[in-house]
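**Q** Everything below, folded, please.
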Amino acid sequence: MGPYYRGTSQATGAFFDVFYQHPALMLLLVAGMVVAGIFWFRRRQRGD
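**A** Reported below is the predicted structural model:
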């Protein structure tokens, strides 16, 4: 079949399928979001 899921486009299905095939990418994505959130939070605190 392919990386398709009901109610989603082919590109969306392929995007999530990459994470199923390579779980380390999901860990990197989450770690990047945490680092970006910490950076944004600290930068916002300096402005006050």
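**Q** Next one: residue 20 from residue 44, what distance?
**A** Noted for residue 20: a distance of 35 Å to residue 44, by Cβ to Cβ, to the nearest Å. For glycine as for every other residue, the C-beta is placed from the backbone atoms N, C-alpha and C.
**Q** which stretches of this protein form strands?
**A** In the chain, no strands are defined using DSSP state E.
**Q** Using CSV, list the CA coordinates for the lowest-mean-pLDDT helix or strand in the chain.
**A** Least confident helix or strand, the chain: helix 10-21 with a mean of 86, by mean pLDDT, DSSP states H and E. C-alpha atoms of helix 10-21 as CSV (Å, rounded to 0.1, in the frame of the first residue of the first chain):
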residue,chain,number,x,y,z
GLN,A,10,-0.1,11.4,0.9
ALA,A,11,2.6,14.0,2.0
THR,A,12,1.3,13.9,5.6
GLY,A,13,1.3,10.1,5.6
ALA,A,14,4.8,10.0,4.2
PHE,A,15,6.0,12.6,6.9
PHE,A,16,4.7,10.4,9.7
ASP,A,17,6.0,7.2,8.1
VAL,A,18,9.5,8.6,8.2
PHE,A,19,9.2,8.9,12.0
TYR,A,20,7.9,5.3,12.2
GLN,A,21,10.9,4.1,10.2
